[in-house]
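**Student:** curious how this folds, go ahead:
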Amino acid sequence: DRDSIVTQANVTVTKSNGVTQLTEGSATTYTVTLRNTGGTDVSNVDWVDAPVGVSVTSITASTTGTNSISGVCSINGCTGITLAAGESIAYSVVATVSGVAGSTAINTATVNGANCVSGAPLATCTAEDRDSIVTPANVTVTKSNGVTQLTEGSTTTYTVTLRNTGGTDVPSVDWVDAPV
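**Tutor:** All right, here's what the predicted structure looks like:
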């Protein structure tokens, strides 16, 4: 007589938006991925989104395993999830940065169901993404030749200064000189 040994469902969660800094007032998208690395299907799984410094505007399933069900989602998380053995479901969490520069945005996903009880054990059932919040770029342009009068036919040299007093880099700036 031979019996098959099947492992129990084992749910894990990861969460990331792929960056370490967020600009005050900007939008960001997190990916929350639930995986069942166990040998049996699990149903009635849910996860809760707990944002600090960001306001979630939508949560939608972006990728669902063939035999899994993504459940019903609101801006607070998703309920009624079924994860088939060996499958995963990825969710897109769209949020707006509501925190102020100098603070930290923390977005946590906590899973309940199968081996996860209200997010415990923390190592596999809770995932957190932390990003520092910075001020947006603030580019100013000044142009001066240092004099208040010009003589007709003479030449002058202007100095153009581009300055960013904001908290984020500006990767590409173009400016056009428009003489009058």
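
**Student:** CA atoms for contacts and neighbours, from now on please.
**Tutor:** Noted.

**Student:** give the contact list for Pro136.
**Tutor:** Applying C-alpha atoms under 8 Å, 6 or more residues apart in numbering, we find Pro136 in contact with Thr23, Glu24, Gly166, Gly167, Thr168.

**Student:** recalculate using a threshold of 10 Å.
**Tutor:** Counting by C-alpha atoms under 10 Å, 6 or more residues apart in numbering, Pro136 touches 22-26, 101, 164-170.

**Student:** narrow those residues to those in strands?
**Tutor:** Assignment to strands by DSSP state E places the following of the contacts of Pro136 there: Leu22, Thr23, Asn164.

**Student:** make JSON lines out of the contacts of Pro136 and add distance to Asp129.
**Tutor:** Below are the contacts of Pro136 laid out as JSON lines (distance: C-alpha to C-alpha, whole Å):
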{"residue": "Leu22", "distance to Asp129": "12"}
{"residue": "Thr23", "distance to Asp129": "15"}
{"residue": "Glu24", "distance to Asp129": "16"}
{"residue": "Gly25", "distance to Asp129": "18"}
{"residue": "Ser26", "distance to Asp129": "16"}
{"residue": "Ala101", "distance to Asp129": "17"}
{"residue": "Asn164", "distance to Asp129": "28"}
{"residue": "Thr165", "distance to Asp129": "27"}
{"residue": "Gly166", "distance to Asp129": "24"}
{"residue": "Gly167", "distance to Asp129": "21"}
{"residue": "Thr168", "distance to Asp129": "20"}
{"residue": "Asp169", "distance to Asp129": "22"}
{"residue": "Val170", "distance to Asp129": "24"}
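
**Student:** of the ones in strands among the contacts of Pro136, which is the nearest to Asp46?
**Tutor:** Checking those against Asp46 by C-alpha to C-alpha gives Leu22 as the nearest, at 27.5 Å.

**Student:** verify the contact between that closest one and Thr28 for me.
**Tutor:** Yes: Leu22 is within contact range of Thr28, at 7.7 Å (criterion: C-alpha atoms under 10 Å).

**Student:** more crowded one of those two?
**Tutor:** Leu22 (25 against 18; other C-alpha atoms under 10 Å).

**Student:** ok, and the closest non-adjacent residue to the more buried one?
**Tutor:** Residue nearest to Leu22 in three dimensions, not counting chain neighbours: Ile133, with 4.9 Å by C-alpha to C-alpha, 6 or more residues apart in numbering.

**Student:** same check, this time on Val13
**Tutor:** Excluding its sequence neighbours, the residue lying closest to Val13 (C-alpha to C-alpha, 6+ apart) is Leu34, at 4.6 Å.
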